[in-house]
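Colleague: the sequence and its predicted three-dimensional model are supplied below.
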Amino acid sequence: MQSELTADVEPIRFVGQTDGTLELLDQTLLPVELTVINCSDVETVWEAIKKLRVRGAPAIGIAAAYGVVIGLQTVGDEDAAAFWKRLDEVTDYLAGSRPTAVNLFWALDRMKRVAHELRDAGKSIAEIRVALLEEAKAIHAEDRETCRAIGRHGAAELKDAANFLTHCNAGGLATAEYGTALAVFFTLQDDGKDLHVFVDETRPLLQGARLTAWELSQRKIRATLICDSMAAQVMREGRVDAIVTGADRIAANGDSANKIGTYSLAVLAKAHGIPFYIAAPISTFDMAIDSGDEIPIEERASEEITHGFGKQTAPAGISVYNPAFDVTPAELIQGIITERGVISPVTKEMVAQMFAAE
Ligand SMILES: CSC[C@H]1O[C@H](OP(=O)(O)O)[C@H](O)[C@@H]1O
């Protein structure tokens, strides 16, 4: 069913109080169909993250935080032991949905930390349950402002550029709203810039074609969809001033994991003398790992490649390798645009300095 899809559709919405439900815009059906799934149990939230009905590092973290609230609904306030056992069960369960986006684990750890601090302060289970919903809402609200700040810093950094290329979707659909990489383009537009964006379709799940192209068209930003393999050609033709992508996990030295195909863009950008930027919130930094070598890379089902576009496009039984992410080394990154400012050059020292800043 062709629905009227507008850019003000919220990808994530929690409805009700501690006994409420989580509404998620099913991104696997975009841009053709507008369907909202209603999550009333943690299994539905887990499946939505796993199947990319909700996706994008910050959005995954927000959904998981609400998933904790929903998962705890199966136990009452009267049995404290059951509540704490269930909290561990639910956070461990959600942590197993996807391995790469560190925001998932950052959000789950934050929810557990709040619960334990309140327990240690002598609060009741009922009070802790309410506080956890408020914490999930805080994570959600903070990300809205974080994205705006990333947009402001990115637009200032790239004020002299007009022609961009991006990969996958790091827009409002991947966050609370407004996005990270796309926030830079939205802010430049709001500042009066007439910009153009080449959009990689981003195989195999086509987040670029289905989601980024849609978000840019909704905002009437000039965009041209290309196959991933065409990126080098448009760079060689001199049609790209800068590349901006999102990230799913950034190591302490600045190595950045993002959708598969990002690393090749960074190598191509270097070959063509084009600045390559990552846009990501501080919550995407994993300071517990020294380099990108330690970032777990999700491998997904073969069918995403052999049965894309709704039909079989490869011989049965063919061997398939389907890593969903790759890692761009810090030396290929001109700058990492965060809500606190731009990290450039991207060194361990500069990352640590930004991470420690308020
Ligand atoms: C703002 S984070 C967006 C980030 O997440 C995407 O991955 P997925 O669609 O698999 O969740 C992609 O890496 C984007 O850059």
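Modeller: Received, thanks. Since the model is a prediction, treat every value here as computed from it, not as a measurement.
Colleague: going forward, measure contacts and count neighbours with C-alpha atoms only.
Modeller: Fine.
Colleague: Leu195: what's it in contact with?
Modeller: Counting by Cα atoms under 8 Å, 6 or more residues apart in numbering, Leu195 touches 162-164, 185, 188-189, 221-222.
Colleague: among the residues you listed, which are in helices?
Modeller: Using DSSP state H, 185, 188-189 are the members of the contacts of Leu195 that sit in helices.
Colleague: one step back: JSON lines for the contacts of Leu195, including distance to Glu299 and pLDDT?
Modeller: Formatted as JSON lines, these follow (distance: Cα to Cα, whole Å; pLDDT from 0 to 100):
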{"residue": "Ala162", "distance to Glu299": "35", "pLDDT": "98"}
{"residue": "Asn163", "distance to Glu299": "32", "pLDDT": "98"}
{"residue": "Phe164", "distance to Glu299": "29", "pLDDT": "99"}
{"residue": "Phe185", "distance to Glu299": "30", "pLDDT": "98"}
{"residue": "Leu188", "distance to Glu299": "35", "pLDDT": "98"}
{"residue": "Gln189", "distance to Glu299": "36", "pLDDT": "97"}
{"residue": "Ile221", "distance to Glu299": "33", "pLDDT": "98"}
{"residue": "Arg222", "distance to Glu299": "33", "pLDDT": "98"}
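Colleague: the spatially closest residue to Ser256 that is not a sequence neighbour: how many residues sit nearby?
Modeller: Spatially, and ignoring its direct neighbours in sequence, Ser256 is nearest to Ile250 (4.4 Å; Cα to Cα, 6 or more residues apart in numbering). Burial measure for Ile250: 33 neighbouring residues, criterion other Cα atoms under 10 Å.
Colleague: run through who's touching the strand or helix carrying Ile250.
Modeller: Per DSSP states H and E: Ile250 is located in strand 249-251. Contact with strand 249-251 is made by 100-103, 256-258, 284-292, 295, as judged by Cα under 8 Å, 6+ apart.
Colleague: and if we set it to 10 Å?
Modeller: Here strand 249-251 makes contact (Cα atoms under 10 Å, 6 or more residues apart in numbering) with 57, 100-103, 255-258, 278, 280-296, 325, 327-330, 336, 348, 351.
Colleague: quick one on the thing from earlier: now the buried members of the contacts of Leu195.
Modeller: Applying 16 or more other Cα atoms under 10 Å to the contacts of Leu195, the neighbour count classes 162-164, 185, 188-189, 221 as buried.
Colleague: up against the ligand, what does this protein have?
Modeller: Contact residues, the chain versus the ligand (Cα under 6 Å from any ligand atom): 55-58, 168-170, 174-175, 179-180, 245-248, 258-259.
Colleague: where do the strands of the stretch 201-350 of the chain begin and end?
Modeller: Listed in chain order, the strands of the stretch 201-350 of the chain (DSSP state E, counting those that start in this stretch) span 222-226, 242-245, 249-251, 256-259, 276-279, 285-286, 325-328, 335-338, 341-343.
Colleague: now the fifth one, how far from the centre of its chain.
Modeller: Taking the mean C-alpha point of strand 276-279 and that of its whole chain, the gap between them comes to 14 Å (Cα atoms, centre = their mean, to the nearest Å).
Colleague: so what strands line up beside that strand?
Modeller: Applying DSSP bridges to the sheet, strand 276-279 is found paired with strand 242-245 (parallel), strand 335-338 (parallel).
Colleague: ok, now the fourth one?
Modeller: Sheet pairing here is set by DSSP bridges, and for strand 256-259 it gives strand 249-251 (antiparallel), strand 325-328 (antiparallel).
Colleague: just say which of those strands is most tucked in.
Modeller: Each of the strands paired with strand 256-259 was scored by mean neighbour count; the highest is strand 249-251, a mean of 29, by mean count of other Cα atoms under 10 Å.
Colleague: which of the residues of the chain next to the ligand fall in helices?
Modeller: Filtering the residues of the chain next to the ligand for helices - DSSP H - leaves 57-58.
Colleague: tell me the buried residues within the residues of the chain next to the ligand.
Modeller: Among these, those that count as buried by neighbour count (16+ other Cα under 10 Å) are 55-58, 168-170, 174-175, 179-180, 245-248, 258-259.
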